[in-house]
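[1] Predicted model follows, preceded by the sequence.
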There are 2 protein chains.
Amino acid sequence: MAKLSDYARKLLEGKNFALLGTIFPDGSPQVTPMWVDTDGNYVLVNTAIGRVKQRNVSRDPRVTVTVVDQNNPYTYVMFRGKVVEQITGQAAEDHIDKLAKKYRGWEKYPRQLNQQRVILKIKPERVSA
Amino acid sequence: MAKLSDYARKLLEGKNFALLGTIFPDGSPQVTPMWVDTDGNYVLVNTAIGRVKQRNVSRDPRVTVTVVDQNNPYTYVMFRGKVVEQITGQAAEDHIDKLAKKYRGWEKYPRQLNQQRVILKIKPERVSA
């Protein structure tokens, strides 16, 4: 597991967007913008059960998360690693509210009917800036 | 080949950043920020011969280009397709200067010694907003 530098952690903790790269069933890449967060060691993103990216990582857990510094689009950090755990339930619901607060200042993320949130817990194996 | 909508073309022509997804030799995804451009039909990015992304697309031409609207980070277009041609020589040198002008206002892109530029010409097969 790669240790996160202070800069990498700062980028993940700030209001910077992540671009999550996953692998489609045919082996081609998917790239989607995401909110992002860290617990200090893992890279955390939050999606909903059944979304293409969640199905992709359930099949092939290898992902890349590229976080671009909003204050300088020429600075970014690329985290390569694996989704080692998918966390659902109250923890995932609380986590999406935390992200909505960080990025939008909202107290609650607006729920869609029957949507079940999931944290993708990503273990960074290689980090490059 | 997918036809580009007016909005997709506008995003590609504007000063918006692209995130290029490629496939590493082991089948895992790479995601890197890029300048981007279009000739109206193809998605064009410009890199240098020998870079990881250029080696990746030479092995597996399947890519995804996700362009995020700089005026609204919640709006983006994802282009899935293939690198159908790699264009080197004067056309690629002129093209990087054109991109440097568009994104930075520079007349010339600052060259690195012995660096050979290459246009990755991407045929969009699926476009989703």
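    The structure has been received and is ready for your questions.
[2] which SS state does A:N72 fall under?
    Secondary structure, DSSP: H, G, I helix; E, B strand; the rest coil: A:N72 is coil.
[3] Centre-most residue in chain A?
    With distances taken as C-alpha atoms, centre = their mean, the residue of chain A nearest its centroid is A:V45 (2.5 Å).
[4] Assess the claim that that one and A:I119 are in contact.
    Yes: between A:V45 and A:I119 there is a contact at 7.4 Å, judged by C-beta atoms under 8 Å. For the C-beta atoms, the positions are set from N, CA and C on the backbone; glycine is no exception.
[5] Name the residues of the host helix or strand of A:R55 that come out as buried.
    A:R55 belongs to helix A:52-59 when assigned by DSSP states H and E. Neighbour-count burial for helix A:52-59 flags A:K53, A:Q54, A:N56, A:V57 (criterion: 16 or more other C-beta atoms under 10 Å in any protein chain shown).
[6] Out of these, which is nearest to chain B?
    The shortest approach to chain B among the buried residues of helix A:52-59 belongs to A:N56, at 9.5 Å (C-beta to the nearest C-beta).
[7] Surely that closest one is in contact with A:Q30?
    Yes: A:N56 is within contact range of A:Q30, at 6.0 Å (criterion: C-beta under 8 Å).
[8] Beyond the longest helix seen in chain A, next helix or strand please.
    With secondary structure taken from DSSP state H, chain A has its longest helix at helix A:90-104. Remark: after helix A:90-104, the chain's next helix or strand is strand A:117-128, criterion DSSP H and E.
[9] what about that following strand, near chain B?
    No: applying C-beta under 8 Å from any C-beta of the partner chain, one finds strand A:117-128 out of contact with chain B, separated by at least 9.7 Å.
[10] Quick one: distance of that strand to the chain centre.
    7 Å (C-alpha atoms, centre = their mean, to the nearest Å).
[11] ok, it: who's next to it in the sheet?
    Strand A:117-128 pairs in its sheet with strand A:43-48 (antiparallel), strand A:76-87 (antiparallel), by DSSP bridges.
[12] partners of A:M34 in the sheet?
    Note on A:M34: beta-bridge partners A:A18, judged by DSSP bridges.
[13] so how many other residues sit close to it?
    A:M34: 18 surrounding residues under other C-beta atoms under 10 Å in any protein chain shown.
[14] measure it to chain B for me?
    11 Å (C-beta to the nearest C-beta, to the nearest Å).
[15] contacting residues around that residue?
    A:F17, A:A18, A:L19, A:L20, A:V45, A:N46, A:T47, A:V65 (C-beta atoms under 8 Å, 6 or more residues apart in numbering or on different chains).
[16] thinking the fourth one is in contact with A:V65, fair?
    Yes: in terms of C-beta under 8 Å, A:L20 counts as a neighbour of A:V65; the distance is 5.6 Å.
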